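> Next one to model:
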Amino acid sequence: MRSAFPYRILVTHNLLLRTSVGKLLFSSLLALFSLPVFSDQVITGSGDQLTGFISYMDGSKLRLSTSHSGTINLNRSHIQSLILERNVSIRLKNGKRYEGRLQSITGGVTLIETIDGETVELSTMDDVKYFYYLSPINREFHYSGSILAEIDIEHSESGKNSRELELTLENSITYENLRNRSKFEYERDSSNNVTTDREILFDTSIDYFVSPKIFLTSRFRYEEDLFENLDRRRIFGLGIGHQPWLAPFRNMLYSMDLVFLDEHYQDEGQVQEFGLELRFYYKEETIIDGLYFFHENNLLYFGKDDKRIETISTLEYGLPYNIGINLNYEWDYNDAPESGDSKTYSNLTFGVSYRW
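Have a look, this model is predicted:
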């Protein structure tokens, strides 16, 4: 399980969609919570009129969430006109930025009504480089997440059969100025139907936005890892964070937390100490359309000779129906590892993911 550079396939499954009733309930809830009260309007070059919630538009596509067809991507060159009902962050090709409503009517008239009451007229919608909604404060409620299942089965001539199971659930819920992000991992290694080792991790944070980009954060992490003889690890933290970008094609946030660590190993007893933690998350669409780069980094600092680093970098290529092909590289470092363990650990996986 802990060998360097294992290759595995991540198989994802949405547990809510097992029955027709579950599908109906999930679709109803998604339509209720994901779409705003007001509907944006899009008219294509073929004359089709579409209504829903436009989350963003970049140089090549426009993403529209509807109650009847789910989320669809439209080629920007096929859009004849559009009317937005809510304020967005707009970037023009000349570098200027505005916040307000955008209307582009057939005939080339494009207007921006800014939140300051100013009206800006553009010669054409092509002057707009991209726009996206001012999340999370701009949207009353938003829910997203993913669930992953990983199974690795091995058979040997000696008759010893091993099976490794890993489940990962991630959720993000935003309501007005509050955001909750949580992650749950369960990993189990069995040999001849007898569980030998397992790992449980639960990590959650609550962010309160005092402005569109600055937030106060609190976090809690609980972990059991019998692979490393860790009976219990708990981390409590309070801090402040900054989110300079939050767009579908670019996202970045980081925070600095004052944390309290409480952990207990089977062989080395209990450790309690205060420290600092730097959390960093970055997402960027590459020059290849649909290919994204993700990077997460957690640095725990308890002293000059006691630092812990957890990093994971991902390349994900998006396919239809929110499915993606992933290449993940994980690298961890511990200044003071448990006796017999090395300071570094690395892991490379190839898989398939699903997001909603």
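> Isn't Q80 up against Q41?
No: using CB atoms under 8 Å, Q80 is not in contact with Q41, being 11.0 Å away. Backbone N, C-alpha and C define where each C-beta goes, glycine included.
> Buried residues, the helix or strand in which E164 is found. List them.
Taking DSSP states H and E as the definition, E164 sits inside strand 161-175. Buried residues in strand 161-175, counted by 16 or more other CB atoms under 10 Å: R163, E164, L165, E166, L167, T168, L169, E170, I173, T174.
> Check which element follows it along the chain.
That would be, after strand 161-175 and using DSSP H and E, strand 178-191.
> Show me the strands paired with the strand holding E164, marking each as parallel or antiparallel.
Using DSSP bridges, strand 161-175 pairs in its sheet with strand 141-155 (antiparallel), strand 178-191 (antiparallel).
> Pull up the distance across stretch 207-222, start to finish.
18 Å (CA to CA, to the nearest Å).
> meant to ask about stretch 298-317
Note: stretch 298-317 ends 24 Å apart using CA to CA.
> Flag every buried residue along that stretch.
Those would be N298, L299, L300, F302, R308, I309, E310, T311, I312, T314, L315, E316, for stretch 298-317 by 16+ other CB under 10 Å.
> Which of the residues you listed fall in helices?
Among the buried residues of stretch 298-317, no member is found in helices (DSSP state H).
> Need the residues you listed in CSV (columns: distance to R219 and pLDDT).
Output for the buried residues of stretch 298-317, formatted as CSV (distance: CB to CB, whole Å; pLDDT from 0 to 100):
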residue, distance to R219, pLDDT
N298, 10, 94
L299, 14, 95
L300, 12, 93
F302, 16, 90
R308, 15, 91
I309, 17, 94
E310, 14, 93
T311, 18, 95
I312, 17, 91
T314, 21, 90
L315, 27, 91
E316, 25, 90
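> which one among these gets closest to S346?
T311 (9.8 Å; CB to CB).
> who does the closest one bridge with?
N297, W331.
> what's the distance between it and L278?
T311 is 12 Å from L278, where distance means CB to CB, to the nearest Å.
> list residues touching both of those two?
N297, N298 (CB atoms under 8 Å, 6 or more residues apart in numbering).
> for the stretch 151-300 of the chain, what spans make up the strands?
Ranges of strands in the stretch 151-300 of the chain, per DSSP state E, counting those that start in this stretch, are 161-175, 178-191, 194-209, 214-225, 230-247, 250-265, 269-285, 291-303.
> any low-confidence regions in the stretch 151-300 of the chain?
The model of the stretch 151-300 of the chain has pLDDT under 70 over residues 152-162, 192-196, 289.
> wait, is P337 part of a helix?
No: using DSSP: H, G, I helix; E, B strand; the rest coil, the assignment for P337 is coil, not a helix.
> How about it, nearest residue that isn't a chain neighbour?
K343 (5.5 Å; CB to CB, 6 or more residues apart in numbering).
> That neighbour - how many residues pack around it?
10 (other CB atoms under 10 Å).
> Return the residues in contact with it.
Contacts of K343 by CB under 8 Å, 6+ apart are Y333, N334, D335, P337.
> Just list whatever residues bridge to the residue lying closest to K283 once chain neighbours are set aside.
Nearest non-adjacent residue to K283, counting by CB to CB, 6+ apart: N251, 4.0 Å away. Following DSSP bridges, N251 is listed with bridge partners L246, K283.
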